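Peer 1: missing the sequence, but the structure's below:
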DNA sequence: TTTATATACTCAATGAGAGAGTATATGCTC
DNA sequence: GAGCATATACTCTCTCATTGAGTATATAAA
């Protein structure tokens, strides 16, 4: 399980927000908290830290806006590179783990629902395929480790049931729910 | 969800190993990888970093052993304080989240199975109670957010199903499996 | 003879995440 | 009209998690 596969940092959450329109930190945080508050919980400071890092890496570009009566703020836009990596991310199914399926896949569906609702169906069917393959490989692994430490076996059993559950869930997922 | 409730760092994994006998880093890593490799994946360097931190905080005490033909090594023991916190941890049910139920609870069961197998039953029944309460509160929350962003609702739905699954799993858990 | 594996640990660097702090304006209550 | 909470907007510090690569020696396998 490589880093790229297993780790999903909130970077794409920022990209997703900025893909629709340039925004400043506070605004992004508001949106995430209200629309995805049960999927992600990201603190203000964490978000700002992340924005700074992305700006330093030239993945997003900030422009300071002076306001009076209000604190100044910095409006961010996606760089070309970030735009591309966001697009690639948005349309591809996630690595099969419960965390990714719950957090990352739902996030993709959320952004697709306002940015490209017609693509949701295909994403989900690609995801279902990927899960199917994964279930088979977990089943095979279960056989292999049948003589190992019982705790490992139980752990794998639980993992299997969870993914199976997501499999069923996605198969009967009603796309109209998330269409706007 | 406070840090203490939600975060389970591998610290207790180390405590659990050292509770049985003093050991050095390499040994601990071997044991975790083979017995709990599907539950945890912790790199060598992460383990050594952690050992250093715990030693610095006087939670474990290390003693350098010079070897010839082999690299020197450091044998660690639990401090009194760590022993107490380990005992308290070992017998209490975990915070209800999938991650904790899969990783932390199984780890407790694993250590109990060699350190105090008779206590497993009570731990599981306490855990079941705790899950029951949690399921009720999630169900109530589902009602409350029924008008919120659909993605949040779906996320909560998934969470509920997962925990329900663990609930059923624990209710029919056969303790003899893990008894030695 | 070379190469992989086992033993044992170090170091550097990045990233995640919590927590508290700063500053100003508006609205609301007593 | 005095005080107090809330909304706007962002900063700073610190700890801990995690990866990746490197060091050094001995033995077993090819």
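Peer 2: Structure's in. What do you need? Treat the numbers as computed from the prediction; the structure is a model and nothing was measured.

Peer 1: tell me the contacts of the residue nearest the centre of chain A?
Peer 2: With distances taken as Cα atoms, centre = their mean, residue A:104 lies nearest the centre of chain A, 2.5 Å away. Residue A:104 makes contact with A:8, A:12, A:94-95, according to Cβ atoms under 8 Å, 6 or more residues apart in numbering or on different chains. Any C-beta I mention is one placed from the backbone N, CA and C, and that applies to glycine too.

Peer 1: pLDDT wise, what is it at?
Peer 2: Here, the pLDDT recorded for residue A:104 equals 94.

Peer 1: show me the strands in chain A, by range?
Peer 2: Under the criterion DSSP state E, chain A contains strands at A:23-24, A:60-65, A:73-78.

Peer 1: buried residues in stretch A:47-64?
Peer 2: Under the neighbour-count criterion of 16 or more other Cβ atoms under 10 Å in any protein chain shown, stretch A:47-64 has A:47, A:50-51, A:54, A:59-60, A:62 buried.

Peer 1: quick check: the farthest pair among the residues you listed?
Peer 2: A:47 and A:59 (14.6 Å; Cβ to Cβ).

Peer 1: tell me which of the strands of chain A lies nearest to DNA strand D.
Peer 2: strand A:73-78 (2.7 Å; Cβ to the nearest atom of the strand).

Peer 1: list the helices and strands the closest one packs on?
Peer 2: helix A:11-20, strand A:23-24, helix A:25-36, helix A:44-56, strand A:60-65 (3 or more Cβ pairs under 8 Å, 6 or more residues apart in numbering or on different chains; DSSP states H and E).

Peer 1: export the ones you listed to a markdown table and tack on distance to residue A:130 and mean pLDDT?
Peer 2: A markdown table is the format used below for the helices and strands packed on strand A:73-78 (distance: least, Cβ to Cβ, whole Å; pLDDT from 0 to 100):
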| stretch | distance to residue A:130 | mean pLDDT |
| --- | --- | --- |
| helix A:11-20 | 18 | 95 |
| strand A:23-24 | 32 | 93 |
| helix A:25-36 | 22 | 93 |
| helix A:44-56 | 28 | 94 |
| strand A:60-65 | 29 | 88 |
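
Peer 1: ok so, going back, okay, the strands of chain A in a markdown table with distance to DNA strand C next?
Peer 2: Formatted as a markdown table, the strands of chain A follow (distance: least, Cβ to the nearest atom of the strand, whole Å):
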| stretch | distance to DNA strand C |
| --- | --- |
| strand A:23-24 | 14 |
| strand A:60-65 | 14 |
| strand A:73-78 | 11 |
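
Peer 1: this completes my enquiry, with thanks.
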